[in-house]
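1. coords please:
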Amino acid sequence: MILFRYLIKEVSQATAAVTVILLLIVTSGRLAKYLAQSSSGHLSSDVVFWVIFFRIPDFLPLILPLGFFIGVLLAYGRLYVDNEMIVMNACGTGKKRLVTITAIPAVLMSMLVAYLTLFGAPASLNKVQSILQNPANTNSLAILQEGKFQETSDGQRVIYAEKFDSDSDAVNDVWMVEHRRDGSVVVIRADSGEITENANFEGQYLTLTNGAVYDGFVGKRDYQITEFTSYAQKVVERRRVEKLQLEGDAKTTRALFMSDEPGDIAALHWRFSLPVVVLVVALLALALSKTNQRSGRYIKMLPAVLIYLLYIVAITGVRNMIEMESQPPLMIWLVHSLFFIGALMSLLEDDFRRALAARKSNVAV
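-> Below is the predicted model:
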């Protein structure tokens with residue numbers, strides 16, 4: 001029991017440290033991306049934190065297996081370098097018992113990943129999807145800051161709003177300048193504006209009230225002035241590609257079970273694959289962690305990470321093939337089987353060599 005607690009403690013501490021570092025790296029990169037989109041007017045700065053926060057359960061199913069994999073490598077690698085593993089073997093802690101001890105945190109980690117990928121991540125992505133679909137967070141009008149000029153994504157319009165009314169989600173004293181390809185300029189001024197839905201036409205519209213349209217060429221007297229009480233202009237949706245991607249991953253597991261779409265079938269097998277990845281890499285980490293003082297504990301870190309990346313890339317590629325209906329869903333489990341067999345053979349490599357040497361010695365006698 002003392003040995004069990006010691007090994008579990010070593011693995012847990014290393015796994016926690018690596019997971020936190022990986023999570024910080026991933027969230028920092030994503031945060032930089034969202035901040036860049038916020039500064040360019042594609043996303044409201046008020047929701048950047050919440051988008052990152054609700055994306056964490058989506059990041060963890062891929063981070064946790066890698067964190068556990070590296071954690072086992074570091075923990076057992078240190079035991080080999082410090083000769084503690086040799087002492088454990090001399091006291092009767094063989095490879096079979098080591099596998100049994102490691103299997104306990106591996107199963108617990110697999111259960112956590114299963115919960116996240118089957119329930120936690122879809123629920124959090126639904127919240128992210130609702131944030132991105134909210135006009136108050138992603139439309140050109142709503143993300144305007146008071147007293148600042150805001151350029152649209154196509155670079156053809158510049159919008160300015162003097163004040164923002166948070167109670168009515170509308171802006172007051174709006175100016176919009178649009179540059180056309182023929183060189184003409186359209187200047188629109190309105191007392192107020194808001195995003196509205198049109199029942200007859202798809203999409204969202206920027207509806208301006210009580211204003212005027214100035215249409216003509218700069219420096220020329222040939223221009224038109226049109227006053228209006230209501231003026232509507234369609235708003236180009238932002239970040240549509242990511243929304244479509246999130247819509248697929250945000251579906252509940254039950255909805256994926258009931259669907260016959262290739263993309264949903266691939267997503268369902270992907271969700272069940274990630275918990276299996278934890279068990280396979282745990283076995284692989286046991287095999288790769290064996291080292292000595294001369295080699296050091298980090299000698300196998302690079303090839304181990306490359307193997308893990310190859311594993312993830314393989315099942316990701318198969319998922320894409322399933323979505324395109326070029327491969328059956330069974331193919332993704334074939335990839336798991338191949339990596340499991342490879343990990344098992346690596347773990348039992350010394351036993352195979354000893355058995356082969358003993359057989360040769362018996363034949364020689």
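
2. every contact and neighbour count from this point should use C-alpha atoms.
-> Fine.

3. what helix or strand is the residue positioned nearest the centre of the chain on?
-> The centroid of the chain falls nearest to residue 59 when counting by CA atoms, centre = their mean (4.5 Å). Per DSSP states H and E, residue 59 falls inside helix 48-81.

4. in that helix, what counts as buried?
-> Using 16 or more other CA atoms under 10 Å as the test for burial, helix 48-81 gives 48, 51-52, 54-81.

5. contacts only, for the residue nearest to the centre of the chain.
-> Shown in contact with residue 59 (CA atoms under 8 Å, 6 or more residues apart in numbering): 23, 26.

6. ok, 7 Å please
-> The contact partners of residue 59, by CA atoms under 7 Å, 6 or more residues apart in numbering, come to none.

7. ditto for the one 4 residues further on
-> For residue 63, the residues meeting the contact criterion (CA under 7 Å, 6+ apart) are 19, 22-23.

8. which other helices and strands contact the helix or strand hosting residue 6?
-> Using DSSP H and E, residue 6 maps to helix 2-39. Counting contacts by 3 or more CA pairs under 7 Å, 6 or more residues apart in numbering; DSSP states H and E, helix 2-39 is packed against helix 48-81.

9. tell me the mean pLDDT over the helix it packs on?
-> In this model, helix 48-81 has a mean pLDDT of 89.

10. helix 2-39 and that helix, what's the angle between them?
-> Helix 48-81 and helix 2-39 are oriented at 150 degrees to each other (axes from the mean of the first three to the mean of the last three CA atoms, to 10 degrees).

11. just for the stretch 51-200 of the chain, where's the confidence low?
-> For the stretch 51-200 of the chain, the stretches with pLDDT under 70 are 133-146, 152-155, 164-169, 195, 197-200.

12. what secondary structure does residue 97 sit in?
-> Here residue 97 is recorded as helix under DSSP: H, G, I helix; E, B strand; the rest coil.

13. wasn't residue 218 part of a strand?
-> No - read with three-state DSSP, residue 218 is coil and lies in no strand.

14. identify the residues contacting it.
-> residue 185.

15. now do the helix holding residue 6: distance to the chain's middle.
-> 14 Å (CA atoms, centre = their mean, to the nearest Å).

16. could you list the buried residues of that helix?
-> For helix 2-39, by 16+ other CA under 10 Å, it's 7-8, 10-12, 14-15, 18-19, 22-23, 27, 30-31, 34-35, 37-38.

17. do stretch 308-317 as well
-> Counting neighbours by 16+ other CA under 10 Å, stretch 308-317 gives 308, 311-312, 315 as buried.

18. let me see the ranges of the strands in the stretch 251-365 of the chain.
-> Counting by DSSP state E, counting those that start in this stretch, the stretch 251-365 of the chain has no strands to list.

19. what about it, any weak spots by pLDDT?
-> For the stretch 251-365 of the chain, the ranges with pLDDT under 70 are 292-297, 351-352, 354-355, 357-365.

20. circling back to that earlier point, which one of the buried residues of stretch 308-317 is nearest residue 273?
-> residue 315 (8.2 Å; CA to CA).

21. now for whichever strand or helix holds residue 163, which elements pack on it?
-> Secondary-structure assignment from DSSP H and E places residue 163 in strand 157-165. The elements that strand 157-165 packs onto, with contact taken as 3+ CA pairs under 7 Å, 6+ apart, are strand 149-151, strand 170-179.

22. so which of these comes closest to residue 224?
-> Nearest of these (CA to CA): strand 170-179, 14.7 Å.

23. what does that closest one contact?
-> 156-165, 185-194.

24. now which of these would you call buried?
-> Among the contacts of strand 170-179, those classed as buried by 16+ other CA under 10 Å are 157-164, 185-194.

25. how near is residue 348 to residue 278?
-> 19 Å (CA to CA, to the nearest Å).

26. ok, now which ones touch residue 217?
-> Per CA under 7 Å, 6+ apart, neighbours of residue 217: 183-185, 223.

27. just the buried ones from the residues you listed?
-> By 16+ other CA under 10 Å, the contacts of residue 217 give residue 185 as buried.

28. going by distance to residue 126, which of the contacts of residue 217 wins?
-> residue 185 (41.0 Å).

29. do I have it right that that closest one meets residue 215?
-> Yes - shown here, residue 185 and residue 215 form a contact pair, counting by CA atoms under 7 Å, at 6.1 Å.

30. among the helices and strands packed on strand 157-165, which comes closest to residue 1?
-> strand 149-151 (64.3 Å).

31. just give me the neighbour total for residue 118.
-> 22 (other CA atoms under 10 Å).

32. next, the contact list for it, please.
-> 253, 271.

33. tell me the angle of the helix or strand containing residue 112 relative to helix 2-39?
-> In this structure, residue 112 sits in helix 95-115 according to DSSP H and E. Angle, helix 95-115 to helix 2-39, by the same axes, to 10 degrees: 30 degrees.

34. which outside residues touch helix 95-115?
-> Residues contacting helix 95-115 (CA under 7 Å, 6+ apart): 4, 61, 274-276, 278-279, 282.

35. equivalent analysis for stretch 182-191, please.
-> So stretch 182-191 is contacted by 172-179, 208-218 (CA under 7 Å, 6+ apart).

36. would you mind writing the PyMOL command to select the buried ones in these?
-> To isolate the buried ones among those in PyMOL, judged by 16+ other CA under 10 Å, type:
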select buried, resi 172+173+174+175+176+177+178+208+209+211+212+213+214+215+216+217
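
37. fine, thanks again, bye for now.
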